[in-house]
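Asks: just coords:
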C-alpha cells in the first residue's frame with residue numbers, strides 16, 4: 001500500500017495537514033483487519049519516503065509524529081508482527097527510538113507480518129544491497145574479478161530490505177497518482193498494480209474490495 005493523498009484530502013476538506021495525517025493514521029488499523037480477513041500473510045505500508053523529508057519541516061514533524069503513534073498502537077494491539085525498514089536514522093533519535101522499540105515488542109507475535117517503510121527509497125535499497133554484498137565478499141578476500149563473474153540477481157536480492165519474504169503480488173496506490181515513486185522497484189518486477197482515485201484518508205472497505213476484485217480478474221503470466 002502506497003498511502004498517498006493526505007495533503008489533497010486536507011485541501012479538499014479545508015483543514016490542516018495534522019488532521020489529515022491523523023485521519024489517515026486511523027485508516028491503518030482498519031486496512032490491516034481487512035487484509036487479515038482476506039487471508040493475507042504479509043502487508044507492506046509506505047507512509048514516508050526520503051523525498052517526503054524535503055517538505056516543510058512542520059509538515060514532516062506532523063507526519064512523523066502520526067507514523068510513530070500508529071506504529072506504537074499497532075504494537076500495543078499484539079496482533080501483528082511489525083517489521084521496519086528504510087533509513088530510519090533520518091527520523092531523529094526520539095521518533096526512531098519509539099518506533100524501533102514498538103517493533104521489537106512484536107517479535108514474538110504470531111500473525112500477519114506488517115512491513116512499515118519509513119524514510120524509504122527503492123533505489124537506495126538496491127544500492128545498499130549491492131554495497132552490503134560487496135562488503136561481504138571483500139571481508140572474505142574475494143577478488144573483484146571473481147565477484148563480477150559470480151554476481152547474480154539472487155545474491156543482490158538476498159541483501160535487500162525484504163529478503164526472505166514472498167514476492168509482492170499487488171501494489172495499491174491511493175490518490176489517483178499512477179506511478180510507484182521508488183516503491184520496491186526490485187520486488188515489484190511482476191507485481192500487479194491498482195491505482196485508486198480516492199485519497200488515503202477516505203479509503204474504504206469498498207475501495208479495498210474493488211482492488212482485490214480487479215486483481216483476481218487478471219491473468220498473471222510472469223513474462224511467459
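Replies: Cool, the structure landed. On a predicted model such as this, the values are computed, not experimentally measured, just so you know. Residues are numbered from 1 along each chain as shown.
Asks: now for residue 38: which residues touch it?
Replies: The contact partners of residue 38, taken as CB atoms under 8 Å, 6 or more residues apart in numbering, are residue 212. No exception for glycine: its C-beta is placed from N, CA and C like everyone else's.
Asks: quick one: residues in contact with the helix or strand of the chain with the lowest mean pLDDT.
Replies: Per-element confidence for the chain was summarised using mean pLDDT, DSSP states H and E. The lowest value among helices and strands belongs to helix 144-150, with a mean of 90. Residues from elsewhere that reach helix 144-150 (CB under 8 Å, 6+ apart): 134, 137.
Asks: same question for stretch 98-105.
Replies: Defining contact as CB under 8 Å, 6+ apart, one finds that stretch 98-105 is touched by 67-68, 71-72, 74-76, 82-84, 88, 91, 116, 118.
Asks: same question, stretch 209-220
Replies: 38, 169, 170, 172, 190, 192, 194, 196.
Asks: what about 6 Å?
Replies: By CB atoms under 6 Å, 6 or more residues apart in numbering, the list of residues contacting stretch 209-220 from outside reads 170, 172, 192, 194.
Asks: with stretch 106-125 instead?
Replies: Contact partners of stretch 106-125, identified using CB under 6 Å, 6+ apart, comprise 36, 42-46, 48, 50, 75, 78-88, 90, 160-161, 182-185.
Asks: what are the buried residues along it?
Replies: Of the residues in stretch 106-125, those scored as buried under the neighbour-count criterion (16 or more other CB atoms under 10 Å) are 106, 109, 112-122, 124-125.
Asks: and of those residues, the nearest to residue 56?
Replies: Proximity of the buried residues of stretch 106-125 to residue 56 (CB to CB) peaks at residue 119, which lies at 16.4 Å.
Asks: just say helix, strand or coil for the closest one.
Replies: strand (DSSP: H, G, I helix; E, B strand; the rest coil).
Asks: please apply the same query to residue 175.
Replies: Classification of residue 175 using three-state DSSP returns coil.
Asks: ok, the closest residue to it other than its chain neighbours - how many residues close by?
Replies: Using CB to CB, 6 or more residues apart in numbering and skipping residues adjacent in sequence, the residue nearest residue 175 is residue 5, 3.0 Å away. By the other CB atoms under 10 Å criterion, the neighbourhood of residue 5 contains 24 residues.
Asks: any idea how far the nearest residue to residue 86 once chain neighbours are set aside is from residue 73?
Replies: What sits nearest to residue 86 in space, not counting adjacent residues and going by CB to CB, 6+ apart, is residue 120, at 3.5 Å. Per CB to CB, to the nearest Å, residue 120 is found 20 Å from residue 73.
Asks: repeat that for residue 56.
Replies: Noted for residue 56: a distance of 25 Å to residue 73, by CB to CB.
Asks: neighbour-wise, which of those two wins?
Replies: residue 73 (14 against 9).
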